[in-house]
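*Asks:* Give the three-dimensional model of this entry:
(2 chains)
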Amino acid sequence: AQSVTQLGSHVSVSEGALVLLRCNYSSSVPPYLFWYVQYPNQGLQLLLKYTTGATLVKGINGFEAEFKKSETSFHLTKPSAHMSDAAEYFCAVSSSGGYQKVTFGTGTKLQVIP
Amino acid sequence: DTGVSQNPRHKITKRGQNVTFRCDPISEHNRLYWYRQTLGQGPEFLTYFQNEAQLEKSRLLSDRFSAERPKGSFSTLEIQRTEQGDSAMYLCASRGGLAETQYFGPGTRLLVL
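*Replies:* Okay, here's the model as predicted:
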């Protein structure tokens, strides 16, 4: 069984400020972890993923996330927010084997204030 | 690599009607997934195909829902006797071989009146 908890359904940051979106997961097997971004009325775009190896992963648009097994966390960060970062962000987990169906969190809407 | 495509992008129907959605995965991706996303929620898994075989179905997939992938390429999702609770975004994703990443289409937004 696997699950994802995203803390904060809405996050507001000022343009240029640090972005921190929190994600905790639960998985009975070694997980694959993902962050997806969704713009209004669009599908999901992969930002970054963790499978194995280096626990700090870098993605597109300046985002990065760190896998912390001891804390079962996979928080998403970006040093400096841009207006174009305003969107909804989903943390997700899948198993490393089997069908790899993805379980998503409920999402965090990021607002960037000019 | 043209990405995952879904048609139609929007569908408005009356309660009780049948609707069918189509998903064309990335070519040569043998694994295909359907998800449903309601307002304010993350996508929820509906069903999974490996080639033409439907290998897993969620309990969310009631008897009114049926999905097919007849030749292991495109897939269809049909909802019979639609209900207002079926209103949602229906997302398709595909994955190739041993790759970890599912690539999502733009979704079909269904509104049942």
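*Asks:* Enumerate every residue touching the residue in chain A positioned nearest to chain B.
*Replies:* Per Cβ to the nearest Cβ, A:Phe104 is where chain A lies closest to chain B, at 3.2 Å. Bear in mind the C-beta positions are built from the backbone N, C-alpha and C, glycine included. For A:Phe104, the contact set (Cβ atoms under 8 Å, 6 or more residues apart in numbering or on different chains) comprises A:4, A:36, A:90-92, B:42-44.
*Asks:* Show me what it bridges to in the sheet.
*Replies:* Note on A:Phe104: beta-bridge partners by DSSP bridges are A:Ala92.
*Asks:* Next: A:Ser3.
*Replies:* On the basis of DSSP bridges, A:Ser3 is bridged to A:Ser26.
*Asks:* Likewise for B:Gln6?
*Replies:* The partner list for B:Gln6 in beta bridges (DSSP bridges) reads B:Cys23.
*Asks:* any idea of the pLDDT on the most centrally placed residue in chain A?
*Replies:* Centroid-nearest residue in chain A: A:Trp35, 3.3 Å away (criterion: Cα atoms, centre = their mean). Note for A:Trp35: predicted pLDDT of 97.
*Asks:* Enumerate the beta-bridge partners assigned to it.
*Replies:* In this entry, A:Trp35 is beta-bridged to A:Leu48, A:Cys91, by DSSP bridges.
*Asks:* Spit out the contact partners of it.
*Replies:* A:21, A:23, A:46-49, A:59, A:63, A:65, A:74, A:76, A:89-92.
*Asks:* 6 Å instead?
*Replies:* A:47-48, A:65, A:76, A:91 (Cβ atoms under 6 Å, 6 or more residues apart in numbering or on different chains).
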